[in-house]
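Peer 1: This is a predicted model, with the sequence first.
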Amino acid sequence: MDNALSNYINKQLTEVPSSLNNKLFSFNGIKYNKRHEFDIIKRRIDDYLQHESDERLFILPGLRGVGKTTLLYQAYEYLLKQKDISSSDILYISCDEINALGEVNLKDVIEDYLQTVHNTTPALLDKQLFIFIDEAHYDKNWDLHVKLIYDKTFNIFMMLSGSSSLHLNFNADVARRLKMHEILPLNYTQHLKLKYDYSTPISNDLVELLFEGNVKNAQKQEFKTFQDLINIDGYVLNDWETYFKYGGFCSVLNKKYLTDMTEELWSIVSKIITQDITPEYNLNKNAQDNVYRVLVLISSQKPGQISQNKVAANLNNSTSTINRIFNILEQTRIMFHYQAYGGSETQSRRSWKYYIATPSLKNGINKKFGHSITKKQDYEGILLENLVASLLFNLKNRLSYQPDKIFNIFYDKTSGGPDFIIQKEFHQPIPIEVGIGKKNNRQVKKFMNKYDSPYAIIISNKTNKIEKNDDIIYVPPKTFSFI
């Protein structure tokens with residue numbers, strides 16, 4: 001085993017530097033652009049190299065296909081080519097490959113690397129090294145093994161990526177030591193950055209619109225952004241429609257045909273179930289099949305039509321079984337929910353509204369298995385509601401590290417109420433209505449009068465730019481997707 005492990009480490013040290021072009025360039029020789037998270041990673045590396053910070057343990061959880069592995073390779077390239085770090089001082093490993101070697105864990109790998117390559121141990125290491133660990137969740141005790149190395153030396157910078165459930169699976173001791181940067185599906189701002197290398201600051205202005213009701217800055221950036229898009233080389237007019245139904249994932253960006261995009265989206269779902277969920281939660285074949293069935297059922301229904309009891313009855317399963325599946329799907333971020341607006345009693349009595357991680361995954365599942373919704377406008381309205389739900393969910397996670405930006409998201413329990421309600425602590429609630437072909441403000445007006453909301457937001461394709469009429473703000477779906 002020692003020889004096999006040493007051989008693997010030597011292979012990685014030799015092959016990874018020479019194969020970077022294959023990892024960081026598309027099939028037609030175009031280098032991948034960088035997500036904004038790369039700037040965060042770069043800053044962390046620079047701080048460590050310059051001894052300006054002792055933070056040296058980071059995890060990047062996220063769904064498959066969002067670009068975690070590429071981020072690790074881009075960090076590797078940055079160290080190698082811009083910081084002139086020797087390739088022998090940078091180790092990239094993938095835990096699914098390590099598993100193929102037998103009973104090996106991250107601690108064994110790192111100690112073997114130090115002994116074989118640097119002739120030392122963690123405690124005696126006297127130079128800065130960098131270790132990038134992909135698919136970390138394949139080591140069931142990754143947190144313990146990483147902690148044991150971390151506590152023995154200040155000279156190893158470690159960055160781990162893995163499934164979305166990675167952010168749940170570490171103990172309190174490790175939690176004090178690490179920093180987490182969750183890698184989320186792409187909003188349209190990030191999509192444009194990766195696909196066309198175009199950057200726009202409109203996201204910050206949309207956040208201001210959302211929480212302050214200030215539309216002027218967002219209107220200016222919206223106009224400038226849409227003018228810029230016209231002049232971007234290669235930008236196609238239906239790019240947003242493709243993003244809406246098939247986007248959000250780096251692995252889809254370079255697909256040419258919708259059929260290939262659909263297959264890639266289904267592949268993401270299937271791999272999450274078979275390669276992430278099944279081994280993590282020790283699911284047997286029957287349980288795995290039930291996970292598929294639950295996802296297909298949720299994807300084919302309107303939000304709010306699904307409850308755990310209904311799913312259990314529909315699939316002829318116990319409520320406890322379905323409850324476990326719902327919990328698993330939420331823990332792995334392929335699904336999420338919102339609770340009803342109101343006090344704790346209201347929230348405990350009302351069913352939750354469930355959404356798929358992105359409208360593209362919902363669409364991909366429906367394209368694979370079909371759905372019962374017969375009108376195109378109705379179907380696109382459901383996808384749009386899922387898009388807004390996803391963007392708000394991801395925004396909440398992005399802003400969770402900024403105390404003044406923390407907010408909650410709910411749905412209105414009353415019939416005909418707004419689709420979403422956002423509320424910062426000690427602030428009045430803001431209703432949000434979403435729809436294809438809708439511009440009626442009756443639903444939000446009723447809510448505003450009841451809860452004294454200062455303004456409301458309607459996201460509708462009936463407007464082609466941001467408008468504010470009295471206390472109602474109208475936002476086109478394309479514009480809101482930049483948030």
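Peer 2: Yep, it's here.
Peer 1: dump the residue contacts of residue 135.
Peer 2: 94, 95, 96, 161, 162 (Cβ atoms under 8 Å, 6 or more residues apart in numbering). Where you see a C-beta, it was placed from the backbone N, CA and C, and this is true even at glycine.
Peer 1: I should have written residue 177 there, sorry.
Peer 2: 57, 147, 150.
Peer 1: Repeat that for residue 35.
Peer 2: Residue 35 neighbours (Cβ under 8 Å, 6+ apart): 67, 71, 183, 186, 190, 193, 194, 250.
Peer 1: and residue 257, backbone torsions?
Peer 2: phi -110, psi 140 (degrees, to the nearest 10).
Peer 1: Show the pLDDT at it.
Peer 2: As predicted, residue 257 sits at a pLDDT of 95.
Peer 1: Run a quick neighbour tally on it.
Peer 2: The tally of other residues near residue 257 (other Cβ atoms under 10 Å) stands at 8.
Peer 1: Now do it against residue 264, distance only.
Peer 2: Between residue 257 and residue 264 the computed distance is 10 Å (Cβ to Cβ, to the nearest Å).
Peer 1: cool, residue 78 as well?
Peer 2: 27 Å.
Peer 1: try residue 254
Peer 2: 10 Å.
Peer 1: out of those two, which sits in the more crowded spot?
Peer 2: Between residue 254 and residue 264, residue 264 has the larger neighbour count (other Cβ under 10 Å), namely 19 against 15.
Peer 1: Okay, now the unreliable bits of the stretch 301-450 of the chain?
Peer 2: Counting by pLDDT under 70, the stretch 301-450 of the chain shows low-confidence ranges at 346-348, 372, 374, 439.
Peer 1: Spatially nearest residue to residue 53 (excluding sequence neighbours)?
Peer 2: residue 47 (3.8 Å; Cβ to Cβ, 6 or more residues apart in numbering).
Peer 1: What are the contacting residues of the longest helix anywhere in the chain?
Peer 2: Ordering each helix of the chain by length in residues (DSSP state H) puts helix 376-398 first. For helix 376-398, contacts defined as Cβ under 8 Å, 6+ apart pick out 182, 184-185, 187, 207, 244-245, 248, 302-303, 336, 338, 355-359, 362-363, 371, 373, 406-409, 419-420, 422, 432, 434-437, 459, 477, 480-481, 483.
Peer 1: circling back to that earlier point, tell me which of the contacts of residue 135 fall in strands.
Peer 2: 94, 161, 162 (DSSP state E).
Peer 1: Most neighbours out of these, which is it?
Peer 2: residue 161 (27 neighbours).
Peer 1: buried set for stretch 162-181?
Peer 2: Going by neighbour count (16 or more other Cβ atoms under 10 Å), the buried part of stretch 162-181 is 162, 163, 164, 165, 166, 167, 169, 170, 174, 178, 181.
Peer 1: Would you mind putting those residues into JSON lines with secondary structure, distance to residue 21 and pLDDT alongside?
Peer 2: JSON lines is the format used below for the buried residues of stretch 162-181 (DSSP: H, G, I helix; E, B strand; the rest coil; distance: Cβ to Cβ, whole Å; pLDDT from 0 to 100):
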{"residue": "162", "secondary structure": "strand", "distance to residue 21": "25", "pLDDT": "92"}
{"residue": "163", "secondary structure": "coil", "distance to residue 21": "27", "pLDDT": "87"}
{"residue": "164", "secondary structure": "helix", "distance to residue 21": "29", "pLDDT": "81"}
{"residue": "165", "secondary structure": "helix", "distance to residue 21": "32", "pLDDT": "75"}
{"residue": "166", "secondary structure": "helix", "distance to residue 21": "28", "pLDDT": "72"}
{"residue": "167", "secondary structure": "helix", "distance to residue 21": "32", "pLDDT": "69"}
{"residue": "169", "secondary structure": "coil", "distance to residue 21": "34", "pLDDT": "65"}
{"residue": "170", "secondary structure": "coil", "distance to residue 21": "34", "pLDDT": "70"}
{"residue": "174", "secondary structure": "helix", "distance to residue 21": "35", "pLDDT": "79"}
{"residue": "178", "secondary structure": "coil", "distance to residue 21": "31", "pLDDT": "87"}
{"residue": "181", "secondary structure": "coil", "distance to residue 21": "26", "pLDDT": "93"}
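Peer 1: Take those residues and write them to CSV, including distance to residue 268.
Peer 2: Listed next are those as CSV, based on distance: Cβ to Cβ, whole Å:
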residue, distance to residue 268
162, 15
163, 12
164, 12
165, 15
166, 16
167, 18
169, 21
170, 24
174, 28
178, 26
181, 20
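Peer 1: contacting residues around the residue most central in space within the chain?
Peer 2: Residue closest to the average C-alpha location in the chain (Cα atoms, centre = their mean): residue 184, at 1.9 Å. Residues counted as contacts of residue 184 (Cβ under 8 Å, 6+ apart) are 62, 66, 394, 397, 398.
Peer 1: from those residues, which single one is nearest residue 332?
Peer 2: Each of the contacts of residue 184 was checked against residue 332 using Cβ to Cβ; the closest is residue 62, at 10.4 Å.
Peer 1: Please identify the residue most distant from the middle of this protein.
Peer 2: residue 119 (39.4 Å).
Peer 1: Which of the contacts of residue 177 sits closest to residue 235?
Peer 2: residue 57 (39.7 Å).
Peer 1: Kind regards, and thank you for your time.
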